[in-house]
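Asks: Quick one: sequence plus predicted model below, questions after.
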Amino acid sequence: MVPSVAASLREVVRGSVQSDPRALEPFRSDRSHLVGTPSAAVAPLDSEDVVALVRWARRHRVGLVPRGGGTSLDGESSPLDGSVVVDFTGWNSVLEVSPDELWARVGPGIVNLDLQRILRPHGVFFPPNPGSWTSATIGGNVGTNASGPRSFRYGPTRHWVRAVEAVLGTGERVRLGSLVAKRSVGPDLLSLIVGSEGTLAVVTEVTVRLAPVPARREGLVFPLPEGLSLGAVAVRLRSTAETGLSAVEYLDRASAETLADRRAVDWPTDSALLLLEVEAAGEAEAARRRERLFEVARSCGVLGQPVVVADADALWTQRGESSVALDERTGQRIREDVAVPLGRIDELLARLEGIAREARIPYFLFGHLGEGSFHPNYACDPAGPVGDRVRRAVLNAALSLGGTVSSEHGIGRLKREFLSQELGGVAVDLLEEVKRRCDPDGILNPGKLYPRTRRKEGGRPSRSPSGSAGGRARPRSPSDGPADALAHRARRRHGAPP
Ligand SMILES: Cc1cc2nc3c(=O)[nH]c(=O)nc-3n(C[C@H](O)[C@H](O)[C@H](O)COP(=O)(O)OP(=O)(O)OC[C@H]3O[C@@H](n4cnc5c(N)ncnc54)[C@H](O)[C@@H]3O)c2cc1C
């Protein structure tokens, strides 16, 4: 037990330590409905400080929650009671840019859009552009393997990280990845860190991979008629060559109207919308590609006149605002991020709509049509029984169609119990073994990602190859470390039975 967390922390770290409840308020949640009470927030000065912090946390068995912009949607950066938040927003420097070799070394706290602005004069960019790019950081993007509209062409953050420097939950420093263009030296450990939600290591530096800025980019916004097969549109756009497409996005009518009500937009507002981005080497190629896309769209039944948007980045910032506009209209809600293979899109959309009909609640849908990835939004209390039923129904629908419970946002606290269902028990066992090696005391972002209890498959406890249930005394589940100890203390504080 730590007598005074802040006083004890100040003895080991040189960076600022905050423990005043008002100062801690912004760290109590992310963009989910989950709220916790951290015991302190630390802004480490450098990686020495991070090592000292991790050693301190091991000694006192206190959880650490690495945090960037705090824009997570499933509780990835929302702390459990008693944890210490590690605030990286001050680590926002670009340390080195190599436009020739297409990489940049950056602090994990740099905001995605700020990095893009700094890179622009060099003629290069970092392709992942989540809707939250005005406040989400590169460390957070790595933590959740974030992606945005342009992942249709460029893929998620995982494809755009060349190396990281990090401190494991043991206090060991590690550099994973390399600057060489390709390497065949064993399995890719760097990839384990991407998407690990701060549960394996605290990332102190990221070397991102960059792409050359295309000579020309433009947006096209098509109004969509009712009753169209969106699955057919996605398949046609994905499989047609020579279009230069880098993004294929969808907004349903309710979302488009909500956005238009609250923000100025330059496109039709009385129908669902298809938003495309097209890259080209110059005006002649852009015109050819535009014509080609008009033809493809017509052949799928998209007959309305498109609007051409010259500034594609402005289009994506506006598209990102659709979520914020819904926040303003509906307040807290269920907002999921499921994906299915393109051939199952129409079935998924019918199921998602059916869930809203059955629950009799307003429903909004937008997402990354070209990747079969959607954000169904249901206007109901996400913490209430209806919200819980709706969330489960959505995630089960995606899984039953061969899809995923998270195409972008991560697992966090809200989807832990779906991990075994999606990955399978053996894969979850492997993941838990990795977690135990990297973070033996379970201090890194406790209560996130890993299932709450030891997995069961087919109703039986998991077994070691020898057939015994474990074979030796196994450490508890990675989620049962300080997370539970802290929760226990919190329960005691609030007078509830332990
Ligand atoms: C309006 C809105 C739109 C969004 N649109 C998208 C979208 O289009 N695509 C998408 O993928 N997501 C989207 N998101 C979700 C979210 O913005 C992303 O997951 C983003 O990557 C989170 O970045 P962040 O800096 O806010 O990270 P945080 O929320 O602070 O942290 C995210 C995770 O990364 C870990 N982490 C952060 N920094 C470090 C570090 N230095 N070392 C180790 N771990 C660390 C945290 O512990 C946490 O688990 C959206 C969210 C909002 C609110």
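Replies: Done, it's in.
Asks: Residue 144 - nearest residue in space that isn't next to it in sequence?
Replies: residue 410 (4.2 Å; Cβ to Cβ, 6 or more residues apart in numbering). In short, each C-beta sits where N, CA and C put it, glycine included.
Asks: so the one you found, which of the three states?
Replies: Judged by DSSP: H, G, I helix; E, B strand; the rest coil, the three-state class of residue 410 is coil.
Asks: burial count for it?
Replies: Counted with other Cβ atoms under 10 Å, the neighbours of residue 410 add up to 25.
Asks: I'd say it and residue 77 touch.
Replies: No - in this structure, residue 410 is not within contact of residue 77 by Cβ atoms under 8 Å, at 9.7 Å.
Asks: Who are the contact partners of the residue nearest to residue 144?
Replies: 72, 74, 76, 143, 144, 145, 195, 197, 449 (Cβ atoms under 8 Å, 6 or more residues apart in numbering).
Asks: what do you get for residue 11?
Replies: Taking Cβ under 8 Å, 6+ apart, we find residue 11 in contact with no residue.
Asks: Show the pLDDT at it.
Replies: On pLDDT, residue 11 comes in at 97.
Asks: how close does it get to residue 79?
Replies: Distance, residue 11 to residue 79, using Cβ to Cβ, to the nearest Å: 22 Å.
Asks: before we move on, what about residue 327?
Replies: For residue 327, the distance to residue 79 equals 22 Å [Cβ to Cβ].
Asks: Can you name the residues of the stretch 351-498 of the chain sitting close to the ligand?
Replies: The stretch 351-498 of the chain comes close to the ligand at residues 408, 409, 445, as judged by Cβ under 6 Å from any ligand atom.
Asks: Now do the last one: how many residues are near it, please.
Replies: Counted with other Cβ under 10 Å, the neighbours of residue 445 add up to 31.
Asks: Confirm residue 206 sits in a strand?
Replies: Yes - remark: residue 206 belongs to a strand, assigned using three-state DSSP.
Asks: Check it and give its pLDDT.
Replies: So residue 206 comes in at 98 (pLDDT).
Asks: Now do the contacts for it.
Replies: 105, 106, 107, 108, 138, 139, 142, 161, 163, 164.
Asks: Strands - which of these land there?
Replies: Applying DSSP state E to these, the entries found in strands are 105, 106, 161, 163, 164.
Asks: The third one pairs with what?
Replies: Listed by DSSP bridges, the beta-bridge partners for residue 161 are residue 208.
Asks: and the ligand, which of the contacts of residue 206 contact it?
Replies: Counting by Cβ under 6 Å from any ligand atom, the members of the contacts of residue 206 near the ligand are 108, 139.
Asks: Residue 157 and residue 190: what is the separation?
Replies: 12 Å.
Asks: With residue 253 instead?
Replies: From residue 253 to residue 190 the distance is 42 Å (Cβ to Cβ).
Asks: what about the two, which has more around it?
Replies: residue 190 (20 against 17).
Asks: Just list the residues touching that one, thanks.
Replies: Taking Cβ under 8 Å, 6+ apart as the test, what residue 190 contacts is 161, 163, 164, 176, 177.
Asks: Reduced to three states, what does the residue in the stretch 201-350 of the chain positioned nearest to the ligand come out as?
Replies: Residue of the stretch 201-350 of the chain nearest the ligand, by Cβ to the nearest ligand atom: residue 203 (3.5 Å). Recorded secondary structure, residue 203: strand (three-state DSSP).
Asks: Can you say which helix or strand has residue 232 in it?
Replies: Assignment of secondary structure by DSSP states H and E places residue 232 within helix 230-239.
Asks: Give me the packing partners of that helix, helices and strands only.
Replies: strand 245-251, helix 283-299, helix 345-359 (3 or more Cβ pairs under 8 Å, 6 or more residues apart in numbering; DSSP states H and E).
Asks: CA atoms only for it - export them in PDB, please.
Replies: Extracted as PDB, the C-alpha positions of helix 230-239 are listed here (Å, rounded to 0.1, in the frame of the first residue of the first chain):
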ATOM      1  CA  LEU A 230     -24.000  -1.000 -50.400                       C
ATOM      2  CA  GLY A 231     -22.100  -4.300 -50.400                       C
ATOM      3  CA  ALA A 232     -22.200  -4.300 -54.300                       C
ATOM      4  CA  VAL A 233     -20.900  -0.700 -54.300                       C
ATOM      5  CA  ALA A 234     -18.000  -1.700 -52.000                       C
ATOM      6  CA  VAL A 235     -17.100  -4.700 -54.000                       C
ATOM      7  CA  ARG A 236     -17.200  -2.800 -57.400                       C
ATOM      8  CA  LEU A 237     -15.100   0.000 -56.100                       C
ATOM      9  CA  ARG A 238     -12.600  -2.300 -54.400                       C
ATOM     10  CA  SER A 239     -12.100  -4.500 -57.500                       C
END
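Asks: count of neighbours near residue 158?
Replies: 17.
Asks: Can you classify it as helix, strand or coil?
Replies: Assigned with three-state DSSP, residue 158 falls in the helix class.
Asks: mind listing what it touches?
Replies: Here residue 158 is in contact with 145, 191, 194, 195 (criterion: Cβ under 8 Å, 6+ apart).
Asks: Next, find the distance separating it from the ligand.
Replies: 11 Å (Cβ to the nearest ligand atom, to the nearest Å).
Asks: Use 128 as the first number for this chain going forward.
Replies: Taking 128 as the first residue, the last one we looked at is residue 285.
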